[in-house]
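In: need coordinates for the below:
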Amino acid sequence: MSSPKSPPIDDHSAPDLEIASSNVTIHPSGFTGGPESHDDQNTERNLVRHMARFRENPLDFLREVSLYMSGTGWRAYDEPIGQPIFYPGFSERMKNMIFASPLLQSKVTELANRRLIVEENEGLLAIKEGTTLDEKRARRKTEIEDNLREVVDTMMENMICKMESKRFIRSAYYGCTQLLTRAYHQGIHVSSEEVLRLRSVAETAAKKKQSIVFLPCHKSHVDYVSLQLICYRLGISLPVIVAGDNLNIPLLGAFLQHAGAMWIRRSFGNDPLYQTVVQAYIDTLLQQGFNFQCFIEGGRSRTGKLLSPKFGILNFIMDSILSGRVEDLVICPVSTQYDKVIETESYISELLGQPKPKENLADFLSSSSVLSLKLGRVDVRFHEPWSLREFIEQQLSRLDLPSTDINNKLSYTDRGRILRTLGYRVLSDINDVSVMMPTALVGTVLLTLRGRGVGKAELVRRLEWLCERVRAKGGRVAHFYRSPTETVVDRALEVLGPKLVGCISGLVEPTYYAVDRFQLSFYRNMLIHLFITEALVSAAMYTKIKQGGGPTNQRITYEGLQKQVSFLSQLFRGEFIFPPEGFASNLENTLRGLEKDDVIKITRDESNTPMYVELSETERLCGRENYDFYCFLIWPFIEASWLGAVSLLGLTPPLDSPKEVWIDSKKAQDSAQLLGKTLYHQGDLSYFEAVNKETLKNSYQRFEEEGIILVAKSKASRAGQSLRLAPEWAPQRDEATGRVLEGGRLWDFTELIAQSRREGKNRRDGATVSSRVLTMSDAVGRKLFQSAAAPVPDDVSSPQMRRNVIGTEAKL
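Out: Numbering: from 1, shown residues only. Predicted coordinates for the structure are as follows:
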């Protein structure tokens, strides 16, 4: 992103290609990357843009329609790279192959035998005269198997994609492009080099009859459409997309199923037959070399950053390889970034505790006014694809297991480790290729500046600084054909709109301010992964800096810094994706980078061992603006964790209550959110986004892993999880007054979080947990105890066992 004064032009970079219909337009390079990557050599093309509209130009509109209906040129989609799709009989052929799966046949036989044993034990196999027991068994077994096959047929009818008609898919492409380019009026942008590489990989995979498994991030329902449009436009076989059956609504459901959607239940429950049908279907797709797609995060991210990986479908895919039923497949991580996400307003409502509305096509179209929006562009980036079999062999080698074990049964622990490593490898790859959009950059700047607002010149200056830092970290910045930074800022402000960013005119200069900080945080979170290590180091230093005084009083010992950074990285290990090099290496690299940027000063002894860390003189002279940037990134998450810990103090059992009362987990988190809203409006919480339910949910998950809370689920009822404080973590109460006393493990844990909290100007006292806040938390907790039942739990989670089975993410 260049400025008018000193545009960073690389005359040797290849041009971008904007492809629309049959026209090719040459532009300067489309985005720049980090100095140690080859991103600055990448090129870009806009695959789709506005098509003709009937009211504006009816002749061109009718011409376009005829081209798609007749299948002229690339629109015919006659010979896509990959296995044949979209022909009559495709669905029936898939059903027959799934039915023939030895895995499914074996499961049907197993279930029939188990049912037969039950009926025989209950005396239900009445023997008629002239028949033997063996004959009755055989006849009954056949009946049961026939019934099970009917059930399987129904499952498959509701599940499998039905890619039957090329005329349909041509019409679908045209219609979806019309809709998408009306909302995202600048089209879908991809890297020319990445798509050329993808086509090459697709050609090789097609020859080997191997599948490409696309694993995109998930921010919007538009994700489903964008990748399909790209594959269609590039002539690559469309992938079968795993989709939750909550989207299988009238009209839309049938449309998506014929365009490649594979419907699965949100929860399989205790249904071994359904699980086997899903595995058999995935096996069949991968054995035949059909392309496949599922979202690595499961559901859509409501916060803007990547969510932790979901392992359900990944487990099916990996099982296909480990069992030997599939030889190999190609993994392709995909990043999809937006100037503006259509659903952000509904996301904020959900994060603030409002129930998620049932999916409805009419509501989606009308509420978002999708036909008249101007939301900028969509950027889709493809990581270099890699072999899943080779990845598994590498992991087996690291576990000191021979590669020959790939087709043998791994232990539950080893399998879990490989699966978890696979999930986080994909997330890391997605982050590596993500492009930082102007809206994300502007939103981040507005949320990381002190003061109520910022002038245009200062906004441009800080944006250019942020772009430099993104590139220095190896990230990619959307460039927009070398437009001046001021022009790009104007464009981003236009896309964000006055509901998110306000402007006060009539002053010395126009002043911009964040109107909806909560919604803007969605865009800030799109790039937080690049600076998470710097943010944690800055928050650890803040334990001393917030004390004030001279520089000597504000410096922190290296041991103290290391201890606090270690604590924070453990606290957020389920919240962020950290670099894979490990804690010590990441800390060393981060300190070296901050020292090089003249943000911090490190005092070393004669052996060059760090002794003290403090702000540099340069950073103090510039008003800590760069240091503050990193703190502002992480402070909302620290606030959320602090809020979660404070809410746990209220779960201390009252004196007149049994010690082992189990609280409904959802009610506990809802109460924590209500407590947070109250603390925010009373000035004890600095960030309203800290009360969002996703971050609180992650905090409770972390507390469970730490053993602070015990979580139970009753097998006898459909009730959700219940929780209670672990006895060794529960604070004591005053025997006379019943008030929670200071001290204990949970109190100290909360204090440790609070040391890195922002000391906001609205804070009415300096105590970590003031008596007022503690009293309020206790009052909320008492209401939970009054309404709580005390069930005998059937299954209490063991945090230590969970850590042993699935492993833990690396610190920092």
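
In: assign Val334 to helix, strand or coil.
Out: strand (DSSP: H, G, I helix; E, B strand; the rest coil).

In: start the count at 56, not 1, going forward
Out: Right, with 56 as the first residue, what we last looked at is Val389.

In: got a list of what Pro606 touches?
Out: Glu669, Leu670, Arg675 (C-beta atoms under 8 Å, 6 or more residues apart in numbering). C-beta: built from backbone N, CA, C; applies to glycine.

In: 10 Å instead?
Out: The contact partners of Pro606, taken as C-beta atoms under 10 Å, 6 or more residues apart in numbering, are Ile600, Lys656, Glu669, Leu670, Ser671, Glu672, Arg675.

In: same check, this time on Met666
Out: Contact analysis of Met666 by C-beta under 10 Å, 6+ apart lists Arg610, Thr612, Tyr613, Glu614, Ile657, Thr658, Arg659, Asp660.

In: helices - which of the contacts of Pro606 land there?
Out: Within these, residues falling in helices by DSSP state H are Ile600, Glu672, Arg675.

In: emit the PyMOL select command for whichever of these are buried.
Out: To isolate the buried ones among the ones in helices among the contacts of Pro606 in PyMOL, judged by 16 or more other C-beta atoms under 10 Å, type:
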select buried, resi 600
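
In: what is the nearest of the ones in helices among the contacts of Pro606 to Phe350?
Out: Ile600 (40.3 Å; C-beta to C-beta).

In: quick one on the thing from earlier: of the contacts of Met666 - the most surrounded one?
Out: Arg610 (21 neighbours; other C-beta atoms under 10 Å).

In: mind naming the longest helix for this protein?
Out: helix 188-214.

In: buried residues in that helix?
Out: So, applying 16+ other C-beta under 10 Å, buried residues of helix 188-214: Lys191, Arg192, Arg195, Lys196, Ile199, Glu200, Leu203, Val207, Met210, Met211, Met214.

In: below-threshold pLDDT in the stretch 656-805 of the chain: ranges please.
Out: Where the stretch 656-805 of the chain drops to pLDDT under 70, the residues are 769-774.

In: residues contacting the host helix or strand of Glu165, please?
Out: In this assignment (DSSP states H and E), Glu165 forms part of helix 157-176. With C-beta under 10 Å, 6+ apart as the test, helix 157-176 has contacts from 153-154, 156, 179-180, 188, 191-193, 195-204, 206-207, 211, 327-328, 330-332, 334-336, 338-339, 374-375, 378, 380.

In: what angle separates it from helix 188-214?
Out: Angle of helix 157-176 versus helix 188-214, following axes from the mean of the first three to the mean of the last three C-alpha atoms, to 10 degrees, is 130 degrees.

In: pull the contacting residues for the closest residue to Leu502 other than its chain neighbours.
Out: Sequence neighbours aside, Arg579 is the residue nearest to Leu502 in space, at 5.1 Å (criterion: C-beta to C-beta, 6 or more residues apart in numbering). Taking C-beta under 10 Å, 6+ apart, we find Arg579 in contact with 358-360, 495-503, 569, 572, 687-688, 691, 744.

In: of those residues, which belong to helices?
Out: Those of those lying in helices (DSSP H): Ala495, Leu496, Val497, Gly498, Thr499, Val500, Leu501, Leu502, Arg572, Phe687, Leu688, Pro691.

In: redo the contacts of Met666 as JSON lines? Include distance to Leu555 and secondary structure.
Out: Output for these, formatted as JSON lines (distance: C-beta to C-beta, whole Å; DSSP: H, G, I helix; E, B strand; the rest coil):
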{"residue": "Arg610", "distance to Leu555": "39", "secondary structure": "coil"}
{"residue": "Thr612", "distance to Leu555": "42", "secondary structure": "strand"}
{"residue": "Tyr613", "distance to Leu555": "41", "secondary structure": "helix"}
{"residue": "Glu614", "distance to Leu555": "43", "secondary structure": "helix"}
{"residue": "Ile657", "distance to Leu555": "39", "secondary structure": "strand"}
{"residue": "Thr658", "distance to Leu555": "43", "secondary structure": "strand"}
{"residue": "Arg659", "distance to Leu555": "45", "secondary structure": "strand"}
{"residue": "Asp660", "distance to Leu555": "49", "secondary structure": "coil"}
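
In: in a markdown table, list those along with distance to Leu122.
Out: Listed next are the contacts of Met666 as a markdown table, based on distance: C-beta to C-beta, whole Å:
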| residue | distance to Leu122 |
| --- | --- |
| Arg610 | 69 |
| Thr612 | 70 |
| Tyr613 | 67 |
| Glu614 | 70 |
| Ile657 | 64 |
| Thr658 | 70 |
| Arg659 | 69 |
| Asp660 | 74 |
